[in-house]
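Enquirer: Got a predicted model here, sequence first, then my questions.
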Amino acid sequence: MAVAYTIILILLAPSSSAAAANGKSEFGCYESIISFGDSLADTGNLLLLSPADNKPAAARPPYGRTFFHRPTGRFSDGRLVIDFIAQRLGLPFLPPYIGGENGELHGGGFSKGVNFAVVGATALGYEFYEKLGFHNPVTNVSLGTQLDWFKRFLSTISDSKKYLERSLVVVGEIGGNDYNHPLGQGASYDVIQSFAPAVVDYIGSTIQELIKLGVKTMLVPAIPPIGCLPVYLTQFKKSSTIKDYDPKTGCLNWLNEFARYHNKLLKKELNRIQELIPPDQIDIIYVDYYNAAMRLYLYPNKYGFSKNGILRACCGAGGPYNYNASAECGFSPATCCDDPSSFASWDGLHFTEAAYRLIAQSLFDGPYTTPRVKTAICPSISFL
């Protein structure tokens, strides 16, 4: 009997009939979540990978202040999209893979989920960028590294086939740092555009490898509107003219144009994968991180954000966008805003919990997946 595969670019549950074909629970829900990605999804791996004398900023206050009330390694004031997905499905927060490789950490190990995402991770290996003259200042972990960890993890499970059939796998967001690191080191639009196809091809090949390993359901997010991030609005302020900005949002047009270019390639790659397997065996659902986030910049007041502060970081060291690369959040003299929920940007590069909550809600309840996500058949809790 053919087994149906479901690929989702950030989405959730398939129909109950597809769930039955996939061997999922009676109600079409998932018993665990597996996450790959970068700082938008890392729940502590970089923190655990770092030496005691060189911990990342997210090991310091005010990171984690809103929900966990302590730093957890998440690059935000609170929960990430992956945390809200877990809560919506009635599952615990995903523990980081590092530190619990042998199932000795977090009580029952990884029976309910595991997170391989690492802050700063790229899709392509660091060697690719070193040859081009760019350096990853955060980590040498790539999507390939995470896939190797995943294979090692599977080898420890007695019935990995059954485990994967009942797991929701989130592949990303990944790829953003393939551009962030070069952009921060002076790369032009043309340069990052030149290797975007290779980035997307590698994400696609990873998806195909996961299918071969037995994964049945995948969420694959696109990249958000990077032209709205304080880090880039600050970096390119002196070299930009008024025509470089979107008059409706104040975001940099060329960077958002690039984000749309990457996402267009990603959608095309998913369509290509779908054509490799009969339509009745694959459902590819694109998850539109870009527009899910863009609405916050278009209508900040509607979503509870300050119109004057929508492009400013909550935690930073001053300047037009409250971002200073030499004094980042967590380090003096950076200070934190009184109310992170009124800001979309936490530290200039990452979102606040308030923004992540709205993005996650839109994935379940909004129009930002194709086809639309149907979660009524899954147990859920409200986003608190």
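Expert: Done, it's in.
Enquirer: Quick check: residue 193 vs residue 245, distance?
Expert: Between residue 193 and residue 245 the computed distance is 20 Å (CB to CB, to the nearest Å). Just so you know, the C-beta spots here come from the backbone N, C-alpha and C atoms, and that holds for glycine as well.
Enquirer: and what of residue 256?
Expert: Taking CB to CB, one finds residue 256 at 10 Å from residue 245.
Enquirer: more crowded one of those two?
Expert: Taking neighbours as other CB atoms under 10 Å, residue 256 and residue 245 compare with residue 256 leading, 21 against 16.
Enquirer: Hmm, the more buried one is touching residue 229, no?
Expert: No: contact criterion CB atoms under 8 Å: residue 256 and residue 229 do not qualify, at 10.1 Å.
Enquirer: which residues sit in contact with residue 193?
Expert: Applying CB atoms under 8 Å, 6 or more residues apart in numbering, we find residue 193 in contact with 258, 261.
Enquirer: how near is residue 153 to residue 114?
Expert: Going from residue 153 to residue 114 by CB to CB gives 6 Å.
Enquirer: shared neighbours, these two?
Expert: Each of residue 97 lies in contact with both residue 153 and residue 114 under the rule CB under 8 Å, 6+ apart.
Enquirer: More neighbours: those two, which one.
Expert: For residue 153 versus residue 114, the count of surrounding residues by other CB under 10 Å is larger for residue 114: 24 against 20.
Enquirer: The more buried one belongs to a strand?
Expert: Yes: assessed by DSSP: H, G, I helix; E, B strand; the rest coil, residue 114 belongs to a strand.
Enquirer: Return the residues in contact with it.
Expert: 32, 34-35, 94-95, 97, 100, 153.
Enquirer: who does it bridge with?
Expert: For residue 114, the beta-bridge partners are residue 34 (DSSP bridges).
Enquirer: pLDDT at it, what is it?
Expert: Per-residue pLDDT puts residue 114 at 97.
Enquirer: just residue 218 next, same as before
Expert: Here the pLDDT value assigned to residue 218 is 85.
Enquirer: residues near it, how many?
Expert: 27.
Enquirer: Also residue 221?
Expert: 33.
Enquirer: Now do the contacts for residue 291.
Expert: Here residue 291 is in contact with residue 368 (CB under 8 Å, 6+ apart).
Enquirer: Now the phi/psi pair for it, please.
Expert: phi -80, psi -30 (degrees, to the nearest 10).
Enquirer: so how far is residue 156 from it?
Expert: Residue 291 is 39 Å from residue 156, by CB to CB.
Enquirer: Could you double-check that residue 225 sits in contact with residue 294?
Expert: Yes: using CB under 8 Å, residue 225 makes contact with residue 294 at a distance of 5.1 Å.
Enquirer: Pull up the overlap in contacts between these two.
Expert: residue 256.
Enquirer: Among the two, which residue is more densely surrounded?
Expert: residue 225 (24 against 21).
Enquirer: Let me know the distance separating the more buried one from residue 65.
Expert: Relative to residue 65, residue 225 is positioned 25 Å away (CB to CB).
Enquirer: One more: residue 199?
Expert: Note on residue 199: its distance to residue 65, by CB to CB, is 33 Å.
Enquirer: And for residue 121?
Expert: In terms of CB to CB, residue 121 sits 25 Å off from residue 65.
Enquirer: Of the two, give the one with the bigger neighbour count.
Expert: Taking neighbours as other CB under 10 Å, residue 121 and residue 65 compare with residue 121 leading, 31 against 17.
Enquirer: can you pull the pLDDT of the more buried one?
Expert: So, for residue 121, pLDDT stands at 98.
Enquirer: Kindly report the same for residue 128.
Expert: Reported pLDDT for residue 128: 98.
Enquirer: need the contact list for it.
Expert: For residue 128, the contact set (CB under 8 Å, 6+ apart) comprises 195, 198.
Enquirer: Now do the one helix or strand it maps to: distance to the chain's middle.
Expert: Assigned by DSSP states H and E, residue 128 falls within helix 126-131. Distance of helix 126-131 from the chain centroid (CA atoms, centre = their mean, to the nearest Å) equals 22 Å.
Enquirer: Not counting its own residues, what contacts the very next helix or strand once past that helix?
Expert: Counting by DSSP H and E, the next helix or strand C-terminal to helix 126-131 is helix 143-154. With CB under 8 Å, 6+ apart as the test, helix 143-154 has contacts from 34, 36, 97, 101, 110, 114, 116-118, 121-125, 160, 163-164, 174, 202-203, 206, 209-210, 213.
Enquirer: With stretch 195-202 instead?
Expert: Outside stretch 195-202, the residues that touch it by CB under 8 Å, 6+ apart are 122-124, 128, 132, 143-144, 175, 178-179, 258, 261-262, 265-266, 268-269.
Enquirer: Buried only: go through those residues for me.
Expert: 122-124, 128, 143-144, 175, 178-179, 258, 262, 265-266, 269 (16 or more other CB atoms under 10 Å).
Enquirer: how about TSV for those residues, with distance to residue 249 and secondary structure added?
Expert: Shown next, in TSV, are these (distance: CB to CB, whole Å; DSSP: H, G, I helix; E, B strand; the rest coil):
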residue	distance to residue 249	secondary structure
122	27	strand
123	27	coil
124	30	coil
128	32	helix
143	30	helix
144	35	helix
175	22	coil
178	24	helix
179	20	helix
258	16	helix
262	19	helix
265	23	helix
266	22	helix
269	28	helix
